[in-house]
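Participant: A structural model of the following input is requested.
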Amino acid sequence: MSESSAAQILSIAQGEYVLDVLPGLGGALAGLRFRGRDVLRRTPPGATEPLCSAAFPLVPFANRIARGRLRFGTRQVHLARNAPGQAHPLHGQSWRAPWRVESLDARQVILTFEYTSGDWPWPYRTQQVFTLQEHGLEVRLTLENRAHEPMPAGIGWHPYVRRTPMTRLRAEAAGVWLTDEQSLPTTLAPARRILDCSGGERLPETLIDHCYTGWGGQAEIVLPEEQLCVRIEAGEPLRWLHVYAPPGESFLCVEPVSHMPNALNRAEPSAVSGLRVLPPGGTLTGAITLAVSCEPSDLCGA
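Facilitator: Below you'll find the predicted structure:
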């Protein structure tokens, strides 16, 4: 991907929000501002790596597939690694490809990506609709199976929310997947085992890279030093919440996703793993909203 094509920024504004979109950089966001303040990590000027962006889509699967190998029906699939320093391929193909601008107006951007062939054997079409409302950002993500056979499928969104030393995370979930040394899920444990999000616990200075299951669909990130609260909400099928909070960084990722990591290689039923199977022409759609408050009396119930 050339630097010039990846760097094109589309900006829209509504009320107190300004959104910057990077169609050429995997359909990523360059930033989101509220009252002139960055809510998401700002993408560096001229960035050519989506992992440096403010947010990017996860299609047609989220997180890792162990060693890039999976079996589905009669197919044996081997996916190449696609991220620096990662032993397992991540997040599908769309975040590594330019997206087409379908529509642009003062408050909405619609992007489309069409995958036709490669080591993922099922062609698909995916769309992101970014809409700024007075109350915040709405993201609608749709995946359509364009193969002549069923396709395993998943979607998600990977925002990098700004983080301060006192940042707290609040979210209701039933359980959390413990992981091995390669961050692959092993055992389901009570949600409080890694981070008790139910009471808005302060983030520890240790790595969190875990998927919460039975998520209620609401998450709140509070930055007390800045009197800032970020609310993320998602509906079905985005009922898994992946939290990635590396120590020493100025961001954390609170990712609504439709399935657990490595779901394509899990034996559990769909109700546990989240893996969906789309028939030919079938679609999977999820919606996420992100809203911000900076009033001291309304810091997410703090």
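Participant: okay, the nearest residue to G248 once chain neighbours are set aside: pLDDT?
Facilitator: For G248, ignoring the flanking residues on the chain, the nearest one in space by CB to CB, 6 or more residues apart in numbering is E205 at 7.6 Å. All C-beta atoms are positioned from the backbone trio N, CA, C, and that covers glycine. Note for E205: predicted pLDDT of 86.
Participant: Tell me if I'm right that E205 and E249 touch.
Facilitator: No - at 10.6 Å, E205 and E249 do not qualify as touching, with contact defined as CB atoms under 8 Å.
Participant: who has more neighbours, these two?
Facilitator: E249 (12 against 9; other CB atoms under 10 Å).
Participant: what number of residues lie near the nearest residue to the more buried one once chain neighbours are set aside?
Facilitator: Spatially, and ignoring its direct neighbours in sequence, E249 is nearest to R163 (6.9 Å; CB to CB, 6+ apart). When neighbours are defined as other CB under 10 Å, R163 has 19 of them.
Participant: In this structure R163 contacts A245, no?
Facilitator: Yes - counting by CB under 8 Å, R163 touches A245, with 7.3 Å between them.
Participant: where do the contact lists of the two overlap?
Facilitator: L203, L252 (CB atoms under 8 Å, 6 or more residues apart in numbering).
Participant: Regarding A147, what is its secondary structure?
Facilitator: What DSSP: H, G, I helix; E, B strand; the rest coil gives for A147 is coil.
Participant: for C197, phi and psi?
Facilitator: Note on C197: backbone dihedrals following degrees, to the nearest 10 are phi -80, psi -10.
Participant: ugh, typo on my part, it should be G216
Facilitator: According to degrees, to the nearest 10, G216 has phi -80, psi -10.
Participant: same deal with V272?
Facilitator: phi -90, psi -50.
Participant: got the contact list for it?
Facilitator: When contacts are taken as CB under 8 Å, 6+ apart, V272 is in contact with T213, M260, R266.
Participant: got it, and A173?
Facilitator: A191, C197, S198, Y212, T213, G214, W215, G216, L241.
Participant: Please name the nearest non-neighbouring residue to A291.
Facilitator: G136 (3.3 Å).
Participant: Any regions of this structure where pLDDT drops low?
Facilitator: The model of the chain has pLDDT under 70 over residues 1-6, 295-302.
Participant: do that again at 50, thanks
Facilitator: 1-2, 296-297 (pLDDT under 50).
Participant: how about the helices of it, start to end?
Facilitator: Applying DSSP state H to the chain gives helices spanning 3-7, 270-273.
Participant: out of the contacts of V272, which are buried?
Facilitator: The neighbour-count test (16 or more other CB atoms under 10 Å) applied to these identifies T213, M260, R266 as buried.
Participant: Looking at those, spot the one nearest G154.
Facilitator: M260 (9.3 Å; CB to CB).
Participant: Can you tell me who the residue nearest to the closest one when sequence neighbours are not counted pairs with across the strands?
Facilitator: Leaving aside its chain neighbours, M260 sits nearest to C211 (4.9 Å; criterion: CB to CB, 6+ apart). The partner list for C211 in beta bridges (DSSP bridges) reads H242.
Participant: my read: C211 touches P261, true?
Facilitator: Yes - contact criterion CB under 8 Å: C211 and P261 qualify, at 5.7 Å.
Participant: Now for those two: what residues contact both?
Facilitator: N63, W177, P185, H242.
Participant: CA atoms only for stretch 45-64, dumped as PDB, please.
Facilitator: Taking C-alpha atoms only, stretch 45-64 is exported to PDB below (Å, rounded to 0.1, in the frame of the first residue of the first chain):
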ATOM      1  CA  PRO A  45       0.500  11.400  10.000                       C
ATOM      2  CA  GLY A  46       1.500   9.300   7.000                       C
ATOM      3  CA  ALA A  47       0.900   6.000   8.800                       C
ATOM      4  CA  THR A  48       0.900   2.900   6.500                       C
ATOM      5  CA  GLU A  49       0.200   0.400   9.300                       C
ATOM      6  CA  PRO A  50      -3.400  -0.200  10.500                       C
ATOM      7  CA  LEU A  51      -2.100  -1.200  13.900                       C
ATOM      8  CA  CYS A  52      -1.100   2.400  14.300                       C
ATOM      9  CA  SER A  53      -4.700   3.700  13.600                       C
ATOM     10  CA  ALA A  54      -7.500   4.900  15.900                       C
ATOM     11  CA  ALA A  55      -9.800   1.900  15.000                       C
ATOM     12  CA  PHE A  56     -10.200  -0.700  12.300                       C
ATOM     13  CA  PRO A  57     -12.800  -3.400  11.300                       C
ATOM     14  CA  LEU A  58     -12.500  -7.100  12.000                       C
ATOM     15  CA  VAL A  59     -13.900  -9.100   9.000                       C
ATOM     16  CA  PRO A  60     -14.600 -12.000   8.300                       C
ATOM     17  CA  PHE A  61     -13.200 -13.100  11.600                       C
ATOM     18  CA  ALA A  62     -12.000 -11.500  14.800                       C
ATOM     19  CA  ASN A  63      -8.700 -12.000  16.600                       C
ATOM     20  CA  ARG A  64      -6.500 -15.100  16.100                       C
END
